[in-house]
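Peer 1: coords below, sequence missing:
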């Protein structure tokens, strides 16, 4: 049994070395020098290296290290220049982007308008790409010299800049042989792609010629995919990785008690939402929906089940985003709920509550808690914890009364959320929601002018708040845990893990 | 029966098993707490048995429910399902095995190929497929469990049939004109009884494990109905801070498996016709 | 299998696209994936492609399914072989010890251990091992696939159940054989105890052992799913389950075909060995 001995010796030797190094005096300040390697442990596997071919928060944040988009979004939801120095809407259906000069891709190709034209046209035209449907409204993309691009759209597309934060720019040469390109992709981002072992990890190396000075702060970045939370936590606690995402509230105490580990949390731009199947007789009556809403004690869920790692909802759109306004919290009043149910004649109600298995933290517990609360006012709840694929089929078929879902605002703009779930066409195979007033407002809210949009969205918020086609029980809180060797890590509200400005001691 | 009592292992196993089954059956009497209703103020309390401060002997789970209550009620579900599955698997497997062994020929080949093909499919995949189509009901669960178990009976019975067919006294009976069915009933079945019983007792354990595995994956009993597998699944996320949630049902399962296996071992020792008195 | 996959509810395009994607996008993607054709057309295309060695493109990874599956093979083989080795070595030795000292405290201890190995949930063992050896003691890495040290914990976890099974089987087979006539004759002849055990008894015990081992391969691959999830081990078990949940038909099909082939081959080998070792059992 030589294994433990060897490791212990190594461990002790390593420990001695560390002590010696520490005793040798403080390290010289490494202000702009790039050093070290960061290893991240993320919960979601990456499925593709093509920024246009996925719609996952995790992949977006990983690929952001390799590709630059035109526009970036900060942690307080401001849109800032990336590869586009500035942009403005020249009309309701046209956007003009002025591009940054002096940027080149990892293979030396200069970044110009050709790149933008190619990337945008590609995602619009190749309908096999996952992001394609977002860009169908683009009429044309015209270059205006080498450093400016005008995008014309079929309908007003006010959320275009927001969507563009998720689309990395590709060199025009990628079109020649896409399959070959994506085995060793080239972007203009702070890190170069080195290798990808499917389902296991991605290796990236610093781009020394990045257009922003002093970035990145480390030589090497490895992103490992560890879907199992306890393993992720263990790896961090054992010092094998430096940062993990998607930590659950129950793990916080254990992590805080571990030396060398810091826990960071921030309210996220995600609202949990339980939507009703509006075509079903059981919940068609708004009084029934209101009763359900009144019967749920959201504070207990936030405080006891999520251990305080959630925030009360005051608007379908989370704070910080365009379209947010404070409408006050929903009350908890089981007595009133019972009255409403009696008024509506719904005394022996049974509701099917469908969950997508293992998708959201503690969803099963929360659902059971809700079932108990609804049971208190006379509503029986059947919890159906289905496999994700099956659950979504059931949703399309309308076989549910209440569906446990969530919406992380990605991109940071409510247009898609409203357009998908609250227009007749969008909701047809989902919640069967249909309200012409809301529909009108959504269309009007697509124009580029943010003041107009804010006004329209606030009206939509009010209408939805009153009608309650969904229950928004809480905003989630994003919890990250990092090794205290990391410097300058920012806990992001959008669940991205961005490491270009992060250094390691 | 008397021979059973002679084997200490069988006795020990039988006692353990009986105790668990009795406890599960008497669940409503033994556990006064509600196994289903959440109580948020009392979440994750450690067991009083180990020095915890709460009133719950085995502690409370993530929704504040009493673990002892859930264990006992869950036991009814898990053990009941396992028993039903074993019965079904045994009935089906023995019949098929007998048919294959006695009739032989093409039927035999067909059955064996079927068994091979089915064994090539991991149970989990079968379970997912079946559940996706039929939904998660107790019947579906029993069906899936039985489906995973019939092969062992079939193969054993068939092998026994094949060996016995060649034994002399069977040949003799045959030449004397006894019909196939008679041969089966008189000579073959009694000889298969012993190995079947042994398989039953150890398979009971396997079924309990399988049920817990399926519930663990969410394909079995649905919440808030407790079952040992579901309790394991719910406790999995709390292993580092509230280890008793998953460990207690795990120990219960272990006890049942221990009992069943001891019983099986003892039975085998006792019923093996080759071992002398 | 082909039909079952497509008949089960679950739409691959829906799984790939985000929750809020419009139905038109779903339909469009399904069209691209070739899923809108009538079933028999799809099957025809599938057969023709497989004949050429083309197993289609994984829906999830947009990479040839065969490549995606084959990438996982080394990891799977490493884990499975190590676990199998552990099982045989530990299981047989434990079984022999228990049989030779039947009825003593060693035997009972062994039984309890075996039962624990069989019944303690896979994930419990895995997570506990990680907590103990990875976090608290820091002797071994907690997860991943980078060197032989990473293999230790996952294979121990995976081997626990089959080892227990093998141990008990070895014990009972040995006991049965040790009690038989010809062994007693051997003993009477004055052969040493160890010779008796090793040469005669074990040889005869290998028959049922082989059958069980052959069946265990299926268990190993299946039980590997949980182990792989916990240890972030990039093997085929996790790939299969992910593929099923994602409705990634090409990958599932590829794996099923591959594993069915392997299984049939292994069982054929076992059957052959069976007939060689015990001339009593001949078919027909």
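Peer 2: Nice, I can see it. Since we're looking at a predicted model, the values are computed, not measured.
Peer 1: Which pLDDT value does the model give whichever residue of the stretch 251-400 of chain A sits closest to chain C?
Peer 2: Going by CB to the nearest CB, chain C is nearest to residue A:389 of the stretch 251-400 of chain A, at 3.2 Å. Quick note: C-beta positions are derived from backbone N, CA and C, even for glycine. pLDDT recorded at residue A:389 is 80.
Peer 1: what about it, which SS state?
Peer 2: Look at residue A:389: counting by DSSP: H, G, I helix; E, B strand; the rest coil, its state is helix.
Peer 1: next one: the one 3 residues further on
Peer 2: Following three-state DSSP, we place residue A:392 in the helix state.
Peer 1: Next up, the contacts around the closest residue to it other than its chain neighbours.
Peer 2: Closest residue to residue A:392 apart from its sequence neighbours, by CB to CB, 6 or more residues apart in numbering or on different chains: residue C:14 at 5.2 Å. The contact partners of residue C:14, taken as CB atoms under 8 Å, 6 or more residues apart in numbering or on different chains, are A:389, A:392-393, A:396, C:21, C:26.
Peer 1: Throw these into TSV and include neighbour count, thanks.
Peer 2: Below are these laid out as TSV (neighbours: other CB atoms under 10 Å in any protein chain shown):
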residue	neighbour count
A:389	22
A:392	23
A:393	19
A:396	15
C:21	22
C:26	21
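Peer 1: Between the two ends of stretch C:54-72, how far is it?
Peer 2: 18 Å (CA to CA, to the nearest Å).
Peer 1: hang on, the earlier thing: for the helix or strand the residue nearest to residue A:392 falls within, what is the average pLDDT?
Peer 2: Taking DSSP states H and E as the criterion, the element that holds residue C:14 is helix C:12-16. Regarding helix C:12-16, the rounded mean pLDDT is 80.
Peer 1: Touching stretch B:207-220 from outside, list them.
Peer 2: Residues contacting stretch B:207-220 (CB under 8 Å, 6+ apart): A:357-358, A:385, A:387, B:78-79, B:81-83, B:85-86, B:89, B:123-124, B:127-128, B:131, B:136, B:141, B:144-145, B:148-149, B:221, B:227-230, B:232-233, B:236, B:249, B:253, B:256-257, B:260, C:118-119, C:121, C:123.
Peer 1: from the residues you listed, which ones fall inside helices?
Peer 2: B:78-79, B:81-83, B:85-86, B:89, B:123-124, B:127-128, B:131, B:141, B:144-145, B:148-149, B:228-230, B:232-233, B:236, B:249, B:253, B:256-257, B:260, C:118-119, C:123 (DSSP state H).
Peer 1: And the helix or strand following the helix holding residue C:14, what's buried?
Peer 2: Note on helix C:12-16: by DSSP H and E, the next helix or strand toward the C-terminus is helix C:23-32. If you call a residue buried by 16 or more other CB atoms under 10 Å in any protein chain shown, then helix C:23-32 has these buried ones: C:23, C:25-26, C:28-30.
Peer 1: would you turn those residues into CSV with pLDDT?
Peer 2: Below are the buried residues of helix C:23-32 laid out as CSV (pLDDT from 0 to 100):
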residue, pLDDT
C:23, 82
C:25, 84
C:26, 84
C:28, 84
C:29, 84
C:30, 83
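Peer 1: Next, the contact list for residue C:22, please.
Peer 2: Counting by CB under 8 Å, 6+ apart, residue C:22 makes contact with A:133, A:420, A:425-426.
Peer 1: Give the buried subset of these as a ChimeraX selection command.
Peer 2: Only the buried entries of these go into this ChimeraX selection, using 16+ other CB under 10 Å:
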select /A:133,420,426
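Peer 1: what residue ranges in the stretch 1-150 of chain B score low on pLDDT?
Peer 2: Where the stretch 1-150 of chain B drops to pLDDT under 70, the residues are B:1-7, B:52-53, B:119-125, B:128-129, B:132-133, B:135-136.
Peer 1: Can you tell me which residue of chain B sits closest to chain A?
Peer 2: Chain B approaches chain A most closely through residue B:40 (3.9 Å), counting by CB to the nearest CB.
Peer 1: Count the neighbours of that residue for me.
Peer 2: As a burial measure, residue B:40 scores 17 neighbours (other CB atoms under 10 Å in any protein chain shown).
Peer 1: Report the secondary structure state of the closest residue to it other than its chain neighbours.
Peer 2: Distances taken as CB to CB, 6+ apart put residue A:304 closest to residue B:40, at 3.9 Å, once the chain neighbours are dropped. Look at residue A:304: counting by three-state DSSP, its state is helix.
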